[in-house]
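In: Next come a sequence and a model predicted from it.
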Amino acid sequence: MNATETTTQAAAVAAPGAPAAPKEATSTKEATTRKGAPTGKKRAASEASAPAKAPKTPKGARKAAEASSAKAKASKTTKAAKRPVTAALPREFSKKAIVLDLLRRKGGATLAEIQKATNWQAHSVRGFVSGMLTTKMGLAVESTKNAAGERCYKIGAK
């Protein structure tokens, strides 16, 4: 074959008005998966690394294994000790350091004062006090209302 023959063969198409195959209708339903089956990346990873299923055991052997595991769980009475809370010291002029300095004052600081110093919203200040100071740093923060009815926070003695 030469180059002219291949171009004429490639250009050959059905004549206008010739009968053509009907277009297939597109499905409106999406494919469904089995309930509880992993999807996406998890599915591919689990299928690739899924171990072979263990052979079924008789009911009596399964009950005996469950009973022995229950005894083992019952014999465990000691819990691992929790690590002591050790929070890192804040940087010199960070917002954390600013809030700590305000709360260590004699009268503590009002919610409005902390908001103004840090440019935080009220819910952010409350979250910082409860999450960072009490939970993560282990500080005892006293929350009271002053004579004007404003919320005041103060770091108290443990």
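Out: Sure thing, it's come through.

In: pretty sure Tyr153 is in a helix, no?
Out: No: going by DSSP: H, G, I helix; E, B strand; the rest coil, the assignment for Tyr153 is strand, not a helix.

In: Correct me if wrong: it contacts Ile114.
Out: Yes: the pair Tyr153 and Ile114 qualifies as a contact (CB atoms under 8 Å) at a distance of 7.1 Å. No exception for glycine: its C-beta is placed from N, CA and C like everyone else's.

In: more crowded one of the two?
Out: Just comparing Tyr153 and Ile114: by other CB atoms under 10 Å the higher neighbour count belongs to Ile114, 25 against 22.

In: Could I get the buried residue list for the helix or strand where the more buried one lies?
Out: Here Ile114 sits within helix 111-118, counting by DSSP states H and E. Within helix 111-118, the residues scored as buried using 16 or more other CB atoms under 10 Å are Leu111, Glu113, Ile114, Thr118.

In: who's in contact with the following helix or strand past that helix?
Out: The element immediately downstream of helix 111-118 (helix or strand, assigned by DSSP H and E) is helix 122-127. The set of residues that contact helix 122-127 without belonging to it, under CB atoms under 8 Å, 6 or more residues apart in numbering, is Val99, Leu111, Ile114, Gln115, Thr118.
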